[in-house]
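Asks: Show me how the following folds:
(chains A, B and C)
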Amino acid sequence: MLLRLEPLIELSPLVQAVLVAVGGTTAVVASLIALAQVDVKRALSFLVSSWLGLLFVAVGLGGTAVADHLLLVYPLPMALILMAIGTIVISNVTQDLTQLGGLWSRRPLMGLAFLTGAAGLMGLPPFASFAALRELLALTAASGHPWLLGGLVLLTNCLISAGLIRVFGQIWGGRPTPFTQRSAEVLWLMVLPTTVLMGMELHLPQLLVRNGVFSLTPLPGWGPLAWPLLVSTLVGGGFSAAFYLRPHGLARLPQALSGLQEWLAHDMQTERFYHRTVVALVLALARFGAWSDSRLVDGFSGGTGAAAMAGARRLSLTTSGRSQAYALSLVLGVLLMAAWLLASPAPLPLSLLP
Amino acid sequence: MTSSPLLLLLLIPGVAGLLLSRLPEGRPALVRSLAALAALAQFLVGVYCWLQPPADLSLTWLPRLGLALELGLDGISLPLVLLTALLTAMAVLASPADQGRSRLYFSLMLATNFGVVGAFLARNALLFVLAFELVLIPTTLLVAIWGGERRAGAATRFLLYGAVSGLSLLAGVLAFGWLGQGAATSTVSFSFEALAATPLAPAAQAWVLALLLLAFGLKLPVVPLHGWQPFSYSQAPAPVVMLLGGAVSKLGAYGLLRFGVGLLPDAWTAFSPWIAAAGAVSAVYGALNAVAATDMRRLMAYSSLGHMGLLVLALAAATPLSLQGVMAQVIAHGLIVALLFACVELIQRKTGTTVIAELSGLLNPIRGLPFTMGLLLLALMAAAGIPGLAGFPAELLVFEGSWTVFPRATLVCLVASGFTAVYAVRLFNRVGFGRLDNSRADWQGTSLGERLPAVVLTLLVLLTGLWPLGLTGWSETATAALALPTQLPV
Amino acid sequence: MTPIVSTPGVRTPLIPPSTHPYAEVIHRLEAGGSMLPDTPENLQQIIGIYKAYAVPMDFYWRDLLYIAERVFLNPLPAFKYFISKEYLDLPNSYAGDQSKLRIWRGGEKAHPELLEFMERGETRRMPKLLHHLWHDRVNMEFAEACMQAMFWHQGMGGRFNDFLESDVYKANADRAIKAYFKGNLVMLGLYKLFPDMFMEQVKQLSFYANLGLFWEVMAPVFFEMSDLYDEGKLTSVPEAMDFLVNGIFAVAGRPIYHHVFIRGECFEIIPKSEGFTWLYEAALPYVEAVFYRTSPFRGTKSYNAQAYQVPADQADFHYGILYADVFPVGSAGIPPTLLMQDMLHFLPPYLQELYKQHRRGEEDQLIQLGITFQRSMYNVTSAVIQALRCALLYPLDETDPEHLAANRRFFEAQMDRFLRPEARLPDIQTQDYR
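Replies: Numbers count the residues shown, from 1 in each chain, chains lettered A, B, ... in the order given. Model prediction:
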């Protein structure tokens, strides 16, 4: 939808700037949060957010073709990664990265599938996303803030690569845990489609070149600024590989930093913030409304009702219960009314008489 | 007696109500079926009147008082009459088949119908007042006799507020007639034509309108005159609330439209900013209180209050589009609130409670009430204004029509409309999802007959949502004629 | 030691009453009873559901052995539930005339009701493939889920699990794998690259065999209990439990093995000579893995690592039938639901009558029979507890208070596992729990 709105967005430099700012922040922050996640699905979902942040940046800079390509190359590898992770979660009853590990020797097929998908998302030639990211990098280089935005894209790519290799290392690297002591390859109905998708992913670059999306020489999508991109991928992936592929002391953050990890892991506590502000405001207003209704309105109604009842009770005390008294008061009343009617000159009441 | 279909519309519930008391005792199912048949017959006569619009009926009654039996149907009253007949039938069918004191109960329901339809059909203001007052007695009795634990208090409060409303209306109508015609002629005619032909001075209009606003504001209701509503809606039996919320409260809207916008345009224009503000306050107040409600019925009562606020806003704006919105909202809200309370009736009958904290997991397919909860979900979505259901076109018309005249009030109402989603989701989350307590889930499922009213109402909510002409088509010309030119933007 | 003060007709208890929250249940266990109260309706329910359980179980054990022994390492085992006639006719070692230890009076081949269901299903006679795709068949996925629970959980005792890491096992498996893929260069190449992947599959198949051999015993036991009840020879819940205890002891020493048949040749991956016995290597791990632990069913608990809903320790898992909450467990796709649907097809008439009279009658038979099944599994667990007590501790009619106290400590330790709020032990004490 954002792509469709592109012509509209081009009209306002302010909106474009906002898009770039929001997108850029999301890209970097989300990939940082992904690095802090303990749950594997959350680690991957924040990478999605990060990728979409890059998309926002592309749209904000006016590169519809680039944004299109980013959107094009993303679904297949992401799906592949999630399918591979799915088979791991179902066989090992956990999504917790700290409870997984040492699965390479027994689940190599899924490990390869994950790596293929990861390669498809990191800027790694010849895979498809390298081309898209390189185009984005070229776009930022041509923009008003080449160093800032270009650096942002490189940083994001570095962090995404780190995040993906981290997940790989924590699941397939390291030593087996009690939860991964036994891990047999799962049902063929899950493995077969995953391997088929892996094949498709491997063919994706060729497909895109065939259809003229990217050029071929020397690798699909190679062009200016390719080297910085490749270096950023290798740096990010390399760091994670060093920490996570073999059991490494630093893979578990030191105690002092665990607070930071907790804070990042809970999306920087945005949910708690949202609860404390927006939700609390609505609930407080609602409680005030309920209080006012029960105290003021109900009180008023109850009060008037009680007053009416009390008045009626007082009045009822005046009735003596003797019919002569009633008859007498009736006659007196009628006489008084007749006298008033005859005496008053106003024509209006007369017309009321049948 | 001329065999006008208009008279038939009144005679059917009237005679049926009387005949029901002749039926043998101890056969509640039979009484219920006959009452439903009567309401359905009335509905069919209404459909006939739609296809073959009947001529206005005029019979003299008490010319000295200015009271004549003048009945007529136009684009505004026709859908309301049909709605009332339909809701009466649905309310009767939603009542339990083993209703206690069934003859009295169903007669009172038909008497309510009689009064409401009479008010809608009236072309004479005093006749309108008569019918308006007439509705008070059966509804109070229905609350007082078959209500919940605190029904005595609820009925008393209902009666007091209703009495004030009726007195205020009487005073306003009398003043209208006398101030307009009193000096000129010897007999005052209260027919609509006569009242329209003798416009009042602006100052006089203001006084009359003030009285009428009090009367109809109490009926709708509008904050701060709503004190009776949550209490009565939570104590009265749910089928009775279907009638109260769906049909009886519409008397207020109809009155404001017919008398306020139609007959007192100058005063209306002058008062409209205040009326719009009251509508906006009502909308927000109702929505917020619904968020805080702990009982399903109170939640739905406040929801109804909120929706009436939107209606009042649209009335205040009085543009052709917003008046279409008024009619749409009247029908849509009538259907939605009836559907909500039909679901509440089923839930209460099966589980025995409507307190939100005591219910959970009702969506369970085997031991819960999945069908009822499905319909409740649709009803809540409709109340929240989800497209595809009746609430959306109504709210859209209201907002579009009022935006040009009262942008800030409309904005407030939009926010309130957003809050409706909050309480709808909260309610459904707590009651539908979660864990069903097996030790308390020993009720039977709902049978086809029990579900029927809710199903019919759901189908109508869906139909009018997908085909909004069903909401506005009846009354487009009539409301366009009533729209105030002074409210249109320059 | 205080001497027994014997007043005529009154026996003073030798040790003071228990102070455990489940004291009543413990006293019942000490008197030779079950965790399930002894009422005629309880007996009727559990015997009926045992029979309804045993019929699909007859299919489970046969198909489990079929997969372990014949399907073996087929990479695309689309037809692993299409059991061969040979395995349908495989003689049950504890039923039929040829059996050396006959537990059930009936035949040794597949139960006739099972065959009839496989023919017709809930719908009508159709080709087997259509029955399979329409899922109108015995839900073998449940058996596989039980097997996976036994396979995955660690630390449940016995030597079987550790044997799978040994060199003997690896050598046996290696021979079998090479023989199975003889001539298939792709697979053999893959095996050279990733030997552990294949090894892990063979370990899983060994557990298939384990579970198959376990249920081969349980099916005739349940059939015989149902027949005895129909004759009127089983009259109380403790009697039913005692029958189970006797059955457990009779079969306790049965060897657990894993033989594979590849092109007519038999490969003994786990030979009988290794000496794995039924009680310690199959029954006890099964009870621990399936009755107590299992795994949180997807959709009923969040696997989100930051929600902390899944325990970090396998021993803390409490999702087995003894802790199951009937409503989430009765949802689609969850293994116990599959079993409940299987049992629905084979309910004896007296159970169907019973269910018609309560709650929503025929509409919620699944829930009602699920709860009945829970009761029956508490009875089986009681039998296992009593058998363990008999094997490791002292008889119930002991006179030595020290021994009685040891028994009590054992029972209390077992009851401690039911102190958590999810345990259904308090619920099954009343008849109202349906």
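
Asks: any idea how far the nearest residue to residue C:396 once chain neighbours are set aside lies from chain A?
Replies: Among residues not flanking residue C:396 along the chain, residue C:32 sits closest, at 5.4 Å (CB to CB, 6 or more residues apart in numbering or on different chains). In short, each C-beta sits where N, CA and C put it, glycine included. According to CB to the nearest CB, to the nearest Å, residue C:32 stands 38 Å off from chain A.

Asks: Who are the contact partners of the residue of the stretch 101-250 of chain B found nearest chain C?
Replies: Among the residues of the stretch 101-250 of chain B, residue B:238 lies closest to chain C, at 23.4 Å counting by CB to the nearest CB. Residue B:238 is in contact with B:94, B:297, B:341-342, B:344-345, B:348, counting by CB atoms under 8 Å, 6 or more residues apart in numbering or on different chains.

Asks: so where's chain B uncertain?
Replies: Residues of chain B that meet the criterion pLDDT under 70 lie in B:1-3, B:182-186, B:486-490.

Asks: and what of chain C?
Replies: Within chain C, the segments meeting pLDDT under 70 span C:1-12.

Asks: Walking through it, point out its strands one by one.
Replies: Taking DSSP state E as the test, the strands found in chain C are C:258-262, C:265-270.

Asks: Kindly reformat those as a markdown table containing distance to residue A:336 and mean neighbour count.
Replies: Formatted as a markdown table, the strands of chain C follow (distance: least, CB to CB, whole Å; neighbours: other CB atoms under 10 Å in any protein chain shown):
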| stretch | distance to residue A:336 | mean neighbour count |
| --- | --- | --- |
| strand C:258-262 | 114 | 21 |
| strand C:265-270 | 116 | 17 |
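
Asks: Same list, those, but as CSV with distance to residue B:305 please.
Replies: Formatted as CSV, those follow (distance: least, CB to CB, whole Å):
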stretch, distance to residue B:305
strand C:258-262, 72
strand C:265-270, 74
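
Asks: Closest one of the contacts of residue B:238 to chain C?
Replies: residue B:348 (19.0 Å).

Asks: OK, contacts around the residue lying closest to the closest one once chain neighbours are set aside?
Replies: Spatial nearest neighbour of residue B:348, excluding adjacent residues (CB to CB, 6+ apart): residue B:354 at 5.3 Å. Contact analysis of residue B:354 by CB under 8 Å, 6+ apart lists B:295-297, B:344, B:347-348.

Asks: Around chain A, pick out the residues from chain C.
Replies: C:75-78, C:148, C:151-152, C:154-155, C:193-194, C:196-197, C:199-201, C:203-204, C:295-296, C:298, C:303-306, C:310, C:312-314 (CB under 8 Å from any CB of the partner chain).

Asks: my bad, the stretch 1-150 of chain B
Replies: Checking the stretch 1-150 of chain B against chain A by CB under 8 Å from any CB, the hits are B:62, B:64-65.

Asks: what about the closest residue to the residue of the stretch 101-250 of chain B closest to chain C other than its chain neighbours, neighbour count?
Replies: Leaving aside its chain neighbours, residue B:238 sits nearest to residue B:345 (3.6 Å; criterion: CB to CB, 6+ apart). Around residue B:345 there are 25 other residues, counting by other CB atoms under 10 Å in any protein chain shown.
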